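Peer 1: Sequence first, predicted model second:
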Amino acid sequence: MPDFLRPTPRVLRVAIPSPLRRLFDYRPAGPAPSDGWHPGLRVRVPFGRRQVVGVIIECRDESELPLADLKPIDACLDDAPLPEDWLWLCRFTARYYQHAIGDTLHHAMPALLRQGRALAARTREHWNVTEAGHADAPAGLERAPRQAALLAMLRQHPHGLVTQAVLAQSFTREQLKALVNKGLIERHEQPVTGGGPPKGPALAEPALPLNGEQAAAMGALHEGLDAFHPCLLHGVTGSGKTEVYLQLIEAVVGRQRQALVLVPEIGLTPQTLERFRKRFQVPVVALHSGLTDHERLDAWEAAANGRAPIVIGTRSAIFTPLARPGAIIVDEEHDGSFKQQEGLRYHARDLAIIRAHRHGIPVVLGSATPSLESLHRARAGDYRHLRLTRRASRHAPARLELVDLRGRPRQGGLIAPVIDAIKTTLNAGHQILVFINRRGFAPTLACHACGWLAECNHCDAHMTLHRQPPLLACHHCDHRRGLPDACPDCGSADLRPLGSGTERTEETLAERFPDIPVHRIDRDSTRRRDALERTLGEVRRGEPCLLVGTQMLAKGHHLPHVNLVVVVNADAGLYASDFRALEHSAQLLEQVAGRAGRSSHPGRVLVQTLHPDDPNLRLLAARGYDALAEQLLEERRAASLPPFRFLALLRLESPRDSDVNELGERVAEATREHIEQRGLNVDCLGPVPAPMERRQNRYHMQVMLGADKRSHLHEAGAWLIAWLEAEPTARRVRWSLDIDPQTLA
Ligand code: ADP
Ligand code: ZN
Ligand code: ZN
């Protein structure tokens, strides 16, 4: 039925930004939008004593309430609904993660849309020369030399110039106006994100000729450009995965489609962006946390309208609407930052798969160290497994060499043979990366007389010792305090740092190698984005130097002159309680190792450990991540853990431990009863205290659901949520259900 014949619905079901898992009914009011009432239109509605911006989810004629009791909306804010693909993804996300739809939509739209602004890009004035202006001797300029000069300048810019550029050349608005009046130039408004889809060739620099493995991977991708086609691009660091992405994007853009590229939080560096921007003629839109609200809306609009052929962003960019989706790429797919750990706890990689399926387009998950989830799917044949085993530079990745720490004196965390290796490498003119998985000066401060350790008053955790400025800080709640002069327990003044952190190692190395620059790269030293870039720029010049860093250094950055990597302590993940800890620390070690020997020198990786006989560590050192991953998958299968089983984790927290304990007991009990009654194949374990039970003075308990079938898990999860929502004592407790939790912390 044509829209103008469609009767106005009597009821609009609206998603409201609130944690309530339901929709709210309103009556349509005011002028109808030009295409009629549709899901996806934003409306301003009264909600309690507030006015909020909601989104219409359904138009219908009945309500559970008497129609006369429904409040009218205040206004409809859009003329056309928000993009359909976006609305679909939000609804899927809310359902899958059992999150309130209103809150999901709110999270997934740019701030300005939440506030009710129009979905429109800002524009800029452009000045172009007309046909008359291009004539050999344009009339009317004989006695106006500045106007003639301005016209001559504009004639050199076939795509026109923005006003700012004109004024910067000391021309004036009056001169522009005079040329317009003479019909020699024209004024246009153009979106700030660029004029439109590419006209000329997409490439600005030629693609590299692919090696055999890259060509095979590319061939496989070319086969499936018009269908859902999930691929795991599994290639060692430096094997040319990014080159494969670039050529896939080229194919996508060549077909007038859009490519969406997701990268980890640490991965969206100016360096990465530059690589994409250098390759393509067409605009590359970046979505990152540094954008202003206006820039974000501009980018969103350009993507939704199809003007942005290439969109690169971190986790939340998965919610970018695309007018002509062509492919989705998830780089470093194993990276933890793709999972949001609070509020709407979605996994952007998993949503990328869902989204590609819905659009019927290829999706590429790339990694040197794929998650066990993706490896399992690739082995099961759900994903195509594309391997790149050789580095483009032809050097085999460096192997890990385990270094036994037991009973050997350490300086700044390093033992003598390792310091010797550093010295040799420096003498040979190379750079060294010293990797520590901890910020700060040392893990903590200890009393050598009585064994007292500096503990946070608000958390079950030690405080970290910082030297510059000197203080103790809790990395879990950010509580800070000054250094005590004496032990608070026994009064002894024999307080010493315990363990090693970035600052302490930096200090030791600076003393030991006074002529060599030591750069510390961690979150404390690089709070400002450009600080990191400046340091890395200096490092890339290639002079011998020492880099001391945390995880920030493990990923993405190309450090071609690093020839020796030292891992100060590999043991953090080996015996942790979290079932994914070993997978994550193996990924990290392999990624750090990948930094060595990228250029013409093969590198060494020295891994200090107190457990040189640990079978997992030995397997990783001898045969690499892939071999360890195979073994971990077998262990997960035997233990019925993901990816062989699906989990949902209920987290409960409150300032009073009795509140969380009681509610935990009751919700687990009730859920078990329900599971039994319905004959669901679901385990409900707990309640148990969280690994860090007290954090910021709040108590944390957990209840775990596990099932072989997603449908059973979801039914049990939905029931548990409904029970909690109806339970009056649950209001005293903060709770959340995490579907597919990445960590049990
Ligand atoms: P990855 O993303 O797997 O870490 P990159 O795509 O960044 O690997 O490639 C590593 C290096 O090898 C880069 O400097 C890149 O320019 C170069 N490279 C990649 N593919 C080729 C190729 N086919 N021919 C020559 N050099 C290549
Ligand atoms: Zn003491
Ligand atoms: Zn704390």
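Peer 2: Happy to help now that I have it. Ligands and ions are numbered 1, 2, ... in the order given.

Peer 1: ok, the closest residue to ligand 3 within the stretch 51-200 of the chain - contacts?
Peer 2: Closest to ligand 3 within the stretch 51-200 of the chain is residue 107: 27.1 Å, counting by C-beta to the ion. For the C-beta atoms, the positions are set from N, CA and C on the backbone; glycine is no exception. Contact analysis of residue 107 by C-beta atoms under 8 Å, 6 or more residues apart in numbering lists 316, 319, 343, 344.

Peer 1: Same question for residue 704.
Peer 2: Each residue near residue 704 by C-beta under 8 Å, 6+ apart is listed here: 647, 648, 649, 650, 683, 684, 685, 686, 688, 744.

Peer 1: Specify the local secondary structure of it.
Peer 2: strand (DSSP: H, G, I helix; E, B strand; the rest coil).

Peer 1: What segments of the stretch 451-600 of the chain are helices?
Peer 2: 502-512, 529-540, 581-593 (DSSP state H, counting those that start in this stretch).

Peer 1: tell me which residues in the second one are buried?
Peer 2: Just to be clear, that refers to helix 529-540. 532, 535, 536, 539 (16 or more other C-beta atoms under 10 Å).

Peer 1: close to ligand 1, is the helix or strand of the chain with the lowest mean pLDDT?
Peer 2: Sorted by mean pLDDT, DSSP states H and E, the helices and strands of the chain end with helix 529-540, the least confident at a mean of 78. No - using C-beta under 6 Å from any ligand atom, helix 529-540 stays clear of ligand 1, coming no nearer than 12.2 Å.

Peer 1: quick one on the thing from earlier: what two of the buried residues of helix 529-540 have the greatest distance between them?
Peer 2: Longest distance between any two of the buried residues of helix 529-540 is 10.5 Å, between 532 and 539; criterion C-beta to C-beta.

Peer 1: Please identify the pairing partners of the longest strand anywhere in the chain and their relative orientation?
Peer 2: Across the chain, the longest stretch assigned as strand under DSSP state E is strand 682-695. Under the criterion DSSP bridges, strand 682-695 sits next to strand 698-707 (antiparallel) in its sheet.

Peer 1: Let me know the next secondary structure element after the partner strand.
Peer 2: helix 710-726 (DSSP states H and E).

Peer 1: tell me the SS of residue 651?
Peer 2: Residue 651 - assigned by three-state DSSP - is strand.

Peer 1: I'd assumed residue 699 was in contact with it.
Peer 2: No - at 11.2 Å, residue 651 and residue 699 do not qualify as touching, with contact defined as C-beta atoms under 8 Å.

Peer 1: What is the distance between stretch 495-514 and the centre of its chain?
Peer 2: Offset of stretch 495-514 from its chain centre (C-alpha atoms, centre = their mean, to the nearest Å): 32 Å.

Peer 1: So is that stretch next to ligand 2?
Peer 2: No - shown here: stretch 495-514 not in contact with ligand 2 (C-beta under 5 Å from the ion), separated by at least 7.9 Å.

Peer 1: Please shift the residue numbers so they start at 34 in all later answers.
Peer 2: Got it, first residue is 34 now, which makes that one stretch 528-547.

Peer 1: Extract the C-alpha set from that stretch and format it as PDB.
Peer 2: Extracted C-alpha coordinates of stretch 528-547, given in PDB (Å, rounded to 0.1, in the frame of the first residue of the first chain):
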ATOM      1  CA  LEU A 528      60.200  -0.800  53.500                       C
ATOM      2  CA  ARG A 529      61.300  -2.000  50.100                       C
ATOM      3  CA  PRO A 530      59.800  -2.400  46.600                       C
ATOM      4  CA  LEU A 531      58.500  -5.900  45.900                       C
ATOM      5  CA  GLY A 532      58.700  -7.200  42.400                       C
ATOM      6  CA  SER A 533      59.400  -5.200  39.300                       C
ATOM      7  CA  GLY A 534      57.400  -2.700  37.300                       C
ATOM      8  CA  THR A 535      58.100  -0.500  34.300                       C
ATOM      9  CA  GLU A 536      59.600   2.400  36.300                       C
ATOM     10  CA  ARG A 537      62.000   0.300  38.300                       C
ATOM     11  CA  THR A 538      63.300  -1.500  35.200                       C
ATOM     12  CA  GLU A 539      63.600   1.800  33.400                       C
ATOM     13  CA  GLU A 540      65.700   3.200  36.300                       C
ATOM     14  CA  THR A 541      68.000   0.100  36.400                       C
ATOM     15  CA  LEU A 542      68.600   0.100  32.700                       C
ATOM     16  CA  ALA A 543      69.300   3.900  32.700                       C
ATOM     17  CA  GLU A 544      71.900   3.400  35.400                       C
ATOM     18  CA  ARG A 545      73.500   0.400  33.600                       C
ATOM     19  CA  PHE A 546      73.500   2.000  30.200                       C
ATOM     20  CA  PRO A 547      73.900   5.700  30.800                       C
END
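
Peer 1: what is the mean pLDDT for it?
Peer 2: If you average the pLDDT over stretch 528-547, you get 80.

Peer 1: What of stretch 287-307?
Peer 2: 88.

Peer 1: Quick one: end-to-end distance for it.
Peer 2: Stretch 287-307 stretches 20 Å from its first residue to its last (C-alpha to C-alpha, to the nearest Å).

Peer 1: How about residues contacting the least confident helix or strand of the chain?
Peer 2: 302-304, 323, 464, 550, 552, 554, 558-559, 578, 580, 585, 590-594.

Peer 1: my guess is residue 281 is in a helix, correct?
Peer 2: Yes - the assignment for residue 281 is a helix, going by three-state DSSP.

Peer 1: Surely residue 481 and residue 523 touch.
Peer 2: No - counting by C-beta under 8 Å, residue 481 sits too far from residue 523 to count as a contact (10.3 Å).

Peer 1: Up against ligand 3, what does the stretch 434-583 of the chain have?
Peer 2: Counting by C-beta under 5 Å from the ion, the stretch 434-583 of the chain sits next to ligand 3 at 489, 491, 492, 507, 509, 510, 512.

Peer 1: so which of these would you say is closest to residue 79?
Peer 2: residue 510 (38.2 Å).

Peer 1: burial of whatever residue of the stretch 584-733 of the chain ends up closest to ligand 3, as a residue count?
Peer 2: Here the residue of the stretch 584-733 of the chain nearest ligand 3 is residue 729; by C-beta to the ion that distance is 6.2 Å. Applying other C-beta atoms under 10 Å, we find 15 residues neighbouring residue 729.
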